[in-house]
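>>> Kindly generate the corresponding structure for this input.
(one chain, ligands or ions: 3)
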Amino acid sequence: MLKPAESNALADALSKFSQALPDRDRAALDRLLFLGLPGHDQLKLVSPGAILAPGEIAAFDAAKARVEPNQNTKTHSLVVILKATRRCNLRCTYCRAWRNDDSHDMSFEVLAEVMAQTLALPRLKHVEFIWHGGEVTLLESAFFLKAMFLQSRLKQSGTRIHNSIQTNGVRISEPLLQLFQHYEFSVGVSIDAPRQLHDSLRLNKAGRPTWDKVRSGIEAMRAKELPLALLCVVGPKTVELGAEALLNDLVGLNVRDVGLLNMVPENGCECRAPADSFIEWREYLDFMAEVYTLWQSRFADRLVLRELDDLHRSLQGGQPTLCYFAGNCAGHYLTFEPDGRVAACDKYVGLPEFGFGSLKNRSLPDLFRVSGNLKSAKSDIEDGMSEMSGCPWYEVCQGGCPHDRRLTQAFGTAEPGCCGYAPLLEHIATHQKAAQT
Ligand SMILES: C[S@@+](CC[C@H](N)C(=O)[O-])C[C@H]1O[C@@H](n2cnc3c(N)ncnc32)[C@H](O)[C@@H]1O
Ligand code: SF4
Ligand code: SF4
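Ligands and ions are numbered 1, 2, ... in the order given. I've put the predicted structure just below:
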């Protein structure tokens, strides 16, 4: 990487060289240099009219004009979860994230507002945009190109941006794949190993199984060298089929990074949820302990199971990578709905007390300032964390995920002063000790 002085000297030398060339050669050199630039830098050189319609240019200008000067928000790192559409081509049996019609797509006006408001926050060092739904691969590549254009024009010089999508992987068009490759997206693909389980839970609208389609999607993404991770939901049937069946089918997909999510019941109706629509925390944890032992003995060279890997490394003094173990998440993870409503992490969808208002009525710093819900979410999580700070495992779990804690409290299964992770941490620590002797 060149230092700023070196890159300025190189730019001067190139410019002198280019000016001495005949017109045709100069145009060819300009084109070559343009193609060699990273995607966002290319977009800085493109005129707005090449990407946006006239009405969108006006909406972009209006969004920029609404940004408040001199904001004193102190967030350095932000995760922006964009529910860019709530439509979906699947009907996974345990999912409540999809809606039925295209009134649930994010308009350009809302997109411009989200980009302008988030990227204008002062002192931001890193923003992760997670494109999430519904199923965002139902959107056209033009939607994402406009989003990349907005990012390139609104990004402040000290801010790093990264984009990722979360997808069911069954329908990714070639233009989308090319765009994700060009703008260096990472991709999370949902697949519920083992295969027979996936094909009974992750169904298309016609009720047909989708494992083979997801596998082809993974291959198409691998061919474009997109950084891939898998998300796999663990429910009562996963436990029935066992850890071995899960890991054998996961390893066959040849993707190293895997998240194992606990299947959660619908927010607000937790205690009335049918028993097969979620997994009890303790059952999930016992299963994760079994998975840990098997993973360590036979799969650790081929799979990184992110929840277990975080706990495993943290117990050996490493840093966690997941939000669950990183302390108070309130205000660092924001979900934006297609209509501009802002809420906490998308696990809380459907709980009005975790909604912070709408960008249609207020700017983001204004929402941060006035939202009583954000303040109370922050202080509730803080209170919960301090109740657990006496636990011997606290340094490792930092109180775990506050949404999971809420659930264990709703079911009355939490031990006082524990977020719920203690039995799994004991299991991992015992295993690590035994492995050292
Ligand atoms: C809501 S989907 C949206 C993105 C995309 N359609 C997909 O399937 O990856 C995001 C993730 O949430 C998971 N999910 C959906 N319902 C869930 C539930 N009740 N409990 C836990 N995870 C769930 C999905 O399996 C998926 O991995
Ligand atoms: S593909 Fe994703 S959003 Fe669609 S039903 Fe399945 S989990 Fe839900
Ligand atoms: S509520 Fe849980 S999943 Fe959501 S950001 Fe916080 S720790 Fe992460």
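>>> Would you check how far apart Val342 and ligand 1 are?
Counting by C-beta to the nearest ligand atom, to the nearest Å, the separation of Val342 from ligand 1 is 18 Å. The way it works is simple: take the backbone N, C-alpha and C, and place the C-beta from them, glycine included.
>>> For that residue, which residues are in contact?
Leu334, Thr335, Phe336, Gly355, Phe356, Gly357, Ser358, Leu359, Leu364, Leu367 (C-beta atoms under 8 Å, 6 or more residues apart in numbering).
>>> doesn't the last one fall inside a helix?
Yes: with DSSP: H, G, I helix; E, B strand; the rest coil as the criterion, Leu367 is part of a helix.
>>> That one: neighbouring residues, count only.
Close neighbours of Leu367, defined as other C-beta atoms under 10 Å, add up to 19.
>>> So it sits against Gly355, correct?
No: the pair Leu367 / Gly355 is not scored as a contact, 10.1 Å apart, by C-beta atoms under 8 Å.
>>> what's near enough to touch the residue positioned nearest the centre of the chain?
Nearest residue to the geometric centre of the chain (C-alpha atoms, centre = their mean): Ile130, 4.1 Å. Applying C-beta under 8 Å, 6+ apart, we find Ile130 in contact with Val79, Val80, Ile81, Leu82, Ser164, Ile165, Gln166.
>>> I'd guessed the fourth one sits against Glu113; true?
It stands for Leu82. No: using C-beta under 8 Å, Leu82 is not in contact with Glu113, being 11.7 Å away.
>>> if I pick the nearest residue in space to Asp366 that is not next to it in sequence, what's in contact with it?
If the residues on either side of it in the chain are set aside, Asp366 comes closest to Glu68, at 7.1 Å by C-beta to C-beta, 6 or more residues apart in numbering. Neighbouring residues of Glu68 by C-beta under 8 Å, 6+ apart: Ala120, Ser363, Pro365, Asp366.
>>> Narrow the residues you listed to those that are buried.
Ala120, Ser363, Pro365 (16 or more other C-beta atoms under 10 Å).
>>> Report pLDDT for the last one.
Pro365 is assigned a pLDDT of 87 by the prediction.
>>> Within its local environment, how many residues does Ala220 see?
Ala220 - counted by other C-beta under 10 Å - has 15 other residues nearby.
>>> Give the buried residues for the helix or strand encompassing it.
If you go by DSSP states H and E, Ala220 is part of helix 211-223. By neighbour count with 16+ other C-beta under 10 Å, helix 211-223 contains the buried residues Trp211, Lys213, Val214, Arg215, Gly217, Ile218, Met221.
>>> And stretch 411-428, by the same measure?
Residues of stretch 411-428 classed as buried by neighbour count (16+ other C-beta under 10 Å): Ala414, Cys418, Cys419, Gly420, Tyr421, Ala422, Pro423, Leu424, Leu425, His427, Ile428.
>>> Now do that stretch, average pLDDT.
Mean per-residue pLDDT for stretch 411-428: 87.
>>> One more: stretch 225-236?
Averaged over stretch 225-236, pLDDT sits at 98.
>>> okay, how far is it across that stretch, tip to tip?
34 Å (C-alpha to C-alpha, to the nearest Å).
>>> For Gly39, which non-adjacent residue is spatially closest?
Of all residues not flanking Gly39 in the chain, Tyr183 sits nearest, at 4.4 Å (C-beta to C-beta, 6+ apart).
>>> cool, and Ala273?
Leaving aside its sequence neighbours, Ala273 sits nearest to Pro265 (C-beta to C-beta, 6+ apart; 3.4 Å).
>>> which residues of the stretch 251-400 of the chain score low on pLDDT?
Judged by pLDDT under 70, the stretch 251-400 of the chain has its weakly predicted residues at 269-271.
>>> mind running it again at 80?
268-275 (pLDDT under 80).
>>> Now do the helices in it.
According to DSSP state H, counting those that start in this stretch, the stretch 251-400 of the chain carries its helices in the segments 281-294, 306-315, 364-370, 372-388, 394-397.
>>> quick one, which of these is nearest to Ala5?
Nearest to Ala5 among the helices of the stretch 251-400 of the chain is helix 364-370; the distance by C-beta to C-beta comes to 35.4 Å.
>>> Flag every residue of the stretch 201-350 of the chain that's near ligand 2.
Counting by C-beta under 6 Å from any ligand atom, the stretch 201-350 of the chain comes close to ligand 2 at Arg202.
>>> Now Pro227: closest residue in space that isn't a chain neighbour?
Per C-beta to C-beta, 6+ apart, closest to Pro227 is Ser186, 4.2 Å.
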